[in-house]
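> build me a model:
(one chain, ligands or ions: 2)
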Amino acid sequence: MVDKEKIEIAVRMILEAIGEDPEREGLKDTPKRVARMYEEVFAGLSQDPSEHLERYFAEEHEEMVLVKDIPLYSMCEHHLLPFYGKAHVAYIPRKGKVTGLSKLARVVEGFAKRPQLQERLTSQIADAIMERLNPRGVLVVIEAEHMCMTMRGVKKPGSKTITSAVRGIFATSVATRAEAMALIGHQSPLRD
Ligand SMILES: Nc1nc2c(ncn2[C@@H]2O[C@H](COP(=O)(O)OP(=O)(O)OP(=O)(O)O)[C@@H](O)[C@H]2O)c(=O)[nH]1
Ligand SMILES: [Zn+2]
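Residues are numbered from 1 along each chain as shown. Ligands and ions are numbered 1, 2, ... in the order given. Just a heads-up that it's a prediction; the model follows:
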């Protein structure tokens, strides 16, 4: 759980530090609002997102499952500005360990709701699925736009960062990886 009172004090101080009046009408509730927002946006810190994969179906499916275009919102840990885009998660289950589709999206959401690096977010999702489901392989691709590169600093709106994490058969088989990337709609940028 986040310490909302501490966030309120900090936001008030930031408002003062930028030369604003925290008592003016439009700002007087802002510290409270930001505290509630951070509680929501960083809710993933107080959970183990891999727990969503605790239960699975004893289904005999051993072919690829891909959930693509999962909307993703996270916060870059360097600037505490949002980065957002899409996550694509593919895995090849072993017999008897098929998870609910929504659980894959919940894992993405859980890890995204933390101060993050896109690379770490990508790996954490892949590793959680490997650990909990012991599948034949996992491939996670995230494409995102970082507000810290868009509205400030280098100011490159429209630039996208694409990260991938491949485990198991997706790491060893070019064909399997290429199949997943084609389904996601990317030319596989990965080569052996
Ligand atoms: N690898 C990686 N870098 C990120 C991510 N989010 C933000 N960054 C980068 O983190 C870096 C932080 O660089 P610093 O030089 O410490 O900070 P800065 O002076 O604000 O950098 P600029 O953004 O270049 O103005 C920047 O290059 C950001 O683009 C991410 O998810 N992954
Ligand atoms: Zn940043």
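> near ligand 2, which residues of the protein? Just list them.
Contacts of the chain with ligand 2, taken as CB under 5 Å from the ion, map to 76, 78-79, 148. (C-beta placed from N, C-alpha, C; glycine too.)
> which of the residues you listed are buried?
76, 79, 148 (16 or more other CB atoms under 10 Å).
> and those, which is closest to I125?
Within those, the smallest distance to I125 is 16.7 Å, found for C76 (CB to CB).
> near ligand 1, which residues of the protein?
Residues of the chain that fall close to ligand 1, judged by CB under 6 Å from any ligand atom: 76, 78, 117-119, 146, 148-149, 153-154.
> so which of these are in helices?
118-119, 148-149 (DSSP state H).
> of all the residues of the chain next to ligand 2, which two lie farthest apart?
H78 and C148 (6.6 Å).
> if we go by neighbour counts, what in the helix or strand hosting M181 is buried?
Following DSSP states H and E, one finds M181 within helix 174-184. Residues 176-177, 179-181, 184 are the ones in helix 174-184 that count as buried (16+ other CB under 10 Å).
> do the same with stretch 134-147
For stretch 134-147, by 16+ other CB under 10 Å, it's 135-147.
> mind checking the SS state of G96?
Look at G96: counting by DSSP: H, G, I helix; E, B strand; the rest coil, its state is coil.
> residues in contact with the closest residue to ligand 1 within the chain?
Closest approach between the chain and ligand 1, counting by CB to the nearest ligand atom: G153, at 3.1 Å. Neighbouring residues of G153 by CB atoms under 8 Å, 6 or more residues apart in numbering: there are none.
> which pLDDT value does the model give it?
Reported pLDDT at G153 in the predicted model: 95.
> and it, how far from I7?
Distance, G153 to I7, using CB to CB, to the nearest Å: 25 Å.
> can you check R136 too?
From R136 over to I7 the distance is 43 Å, taken as CB to CB.
> one more: P115?
For P115, the distance to I7 - CB to CB - is 13 Å.
> same deal with L45?
When distance is defined by CB to CB, L45 is 13 Å away from I7.
> okay, the two: which has more neighbours?
I7 (19 against 12; other CB atoms under 10 Å).
> contacts only, for the more buried one.
By CB under 8 Å, 6+ apart, the contact set of I7 is 31, 34-35, 38.
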